[in-house]
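Novice: Need the 3D shape of this:
(one chain, ligands or ions: 1)
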Amino acid sequence: MRVKLVVGNWKMNGNLASSQALLKAILPAVAKFDRARYAVCPPYPYLAAIGTALRGSNMALGAQDLCRFEDGAYTGAVSGAMLADCGCRYAIVGHSERRGVFGEGDDLVAQKHAQALKHGVTPILCVGETLAEREAGSTESVVARQLDAVTKRCGAAALGQAVIAYEPVWAIGTGKTATPQQAQDVHAFIRGRIAAADRHVADALTLLYGGSVKAGNAAQLFAMPDVDGGLIGGASLAADEFVAICRAAQDAKETVKA
Ligand code: 13P
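Specialist: Residues are numbered from 1 along each chain as shown. Below you'll find the predicted structure:
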């Protein structure tokens, strides 16, 4: 049985006061939801303060990125150990904005994945194709390449210790959501690929969908058998929207293993 997970990725938005106000509106509502897991990923400078605000709640703390190195002369970087120290349970790795805007390649992402695991922080590994790649029919090969880079560097077990988020680049921040069936098809592909190495790991794996998830489409997406929750960008910045998405996870039927 897989328990749903909803993660808010705040990206580079808001300030300390707005972040705290957002949580004040979200936490009491989400506190009533006891059948799913929840997390938010604020910008780095707010991790400690938001971590304090989350104490005693049913919402975990996550970071949006981390450095591939352990420690030392890496100006501007933040290590996995620092994230663990701030109380982060999760760290997003390989978000398409990191891959696309900041030029992060598959192996760099795999190194970050390894660093997170080393420090007991669960990586949320993002994979997904661009519109051009989808139209060229290469969705599965792109996703496979992104997954294989992690298994090559970190070993097959590394995916089992992670959360994987399928985020088609064409659906991020565009208002163009993948249909539940499109999401399900890629999720089933990902789970199948991991099952080929280890069936039990694949069955237990949490697979999130991300890309224009809103209150109005979350329930249909979460109803798909291989969609175990969502990685939410824009809608995680609006309390009502985010709470409604969290409720959809609470109300979704648990996926029972075949
Ligand atoms: P949107 O929900 O704004 O499309 O962003 C998705 C995303 O990138 C989450 O990581």
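Novice: Going by C-alpha atoms from here, please, whenever you check contacts or count neighbours.
Specialist: Will do.
Novice: quick one, helices of the stretch 1-150 of the chain?
Specialist: Secondary structure of the stretch 1-150 of the chain (DSSP state H, counting those that start in this stretch): helices located at 16-30, 47-54, 80-85, 96-101, 106-118, 131-135, 139-154.
Novice: From those helices, pick the one with the highest average neighbour count.
Specialist: helix 106-118 (a mean of 22; mean count of other Cα atoms under 10 Å).
Novice: before we move on, the earlier item: between the helices of the stretch 1-150 of the chain, which gets nearest to the ligand?
Specialist: Closest to the ligand of the helices of the stretch 1-150 of the chain, according to Cα to the nearest ligand atom: helix 96-101, at 7.3 Å.
Novice: As TSV, the helices of the stretch 1-150 of the chain with distance to the ligand and mean pLDDT would be great.
Specialist: Shown next, in TSV, are the helices of the stretch 1-150 of the chain (distance: least, Cα to the nearest ligand atom, whole Å; pLDDT from 0 to 100):
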stretch	distance to the ligand	mean pLDDT
helix 16-30	16	98
helix 47-54	17	98
helix 80-85	18	98
helix 96-101	7	97
helix 106-118	15	98
helix 131-135	14	95
helix 139-154	16	97
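Novice: Minimum distance to G229: which of those helices has it?
Specialist: helix 16-30 (15.0 Å; Cα to Cα).
Novice: helices and strands around that closest one, which ones?
Specialist: helix 47-54, helix 239-251 (3 or more Cα pairs under 8 Å, 6 or more residues apart in numbering; DSSP states H and E).
Novice: Give me the contacts around that helix.
Specialist: Where contact means Cα atoms under 8 Å, 6 or more residues apart in numbering, the residues beyond helix 16-30 that reach it are 46, 50, 53, 57-59, 237-240, 242-243, 246-247.
Novice: hmm, back to that, want to throw the helices and strands packed on helix 16-30 into JSON lines with distance to K11?
Specialist: Shown next, in JSON lines, are the helices and strands packed on helix 16-30 (distance: least, Cα to Cα, whole Å):
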{"stretch": "helix 47-54", "distance to K11": "13"}
{"stretch": "helix 239-251", "distance to K11": "15"}
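Novice: Enumerate the residues of the stretch 101-250 of the chain near the ligand.
Specialist: Residues of the stretch 101-250 of the chain lying close to the ligand by Cα under 6 Å from any ligand atom are 171-173, 210-213, 231-235.
Novice: who touches the residue in the stretch 1-150 of the chain positioned nearest to the ligand in this structure?
Specialist: Proximity of the stretch 1-150 of the chain to the ligand (Cα to the nearest ligand atom) peaks at N9, 5.2 Å away. Going by Cα under 8 Å, 6+ apart, N9 touches 40-42, 64, 231-233, 236.
Novice: mind running it again at 10 Å?
Specialist: The contact partners of N9, by Cα atoms under 10 Å, 6 or more residues apart in numbering, come to 39-43, 62-64, 92, 210, 231-237.
Novice: out of these, which are inside strands?
Specialist: Using DSSP state E, the members of the contacts of N9 that fall in strands are 39-41, 62-63, 92, 210, 231-232.
Novice: Now, of the contacts of helix 16-30, which are buried?
Specialist: 46, 50, 53, 58-59, 237, 239-240, 242-243, 246-247 (16 or more other Cα atoms under 10 Å).
Novice: which of those lies closest to T206?
Specialist: Taking Cα to Cα as the measure, T206 sits nearest to C246 out of those, at 15.8 Å.
Novice: Give me the nearest residue to that closest one, chain neighbours excluded.
Specialist: Once flanking residues are discounted, C246 sits nearest to V6: 6.4 Å by Cα to Cα, 6 or more residues apart in numbering.
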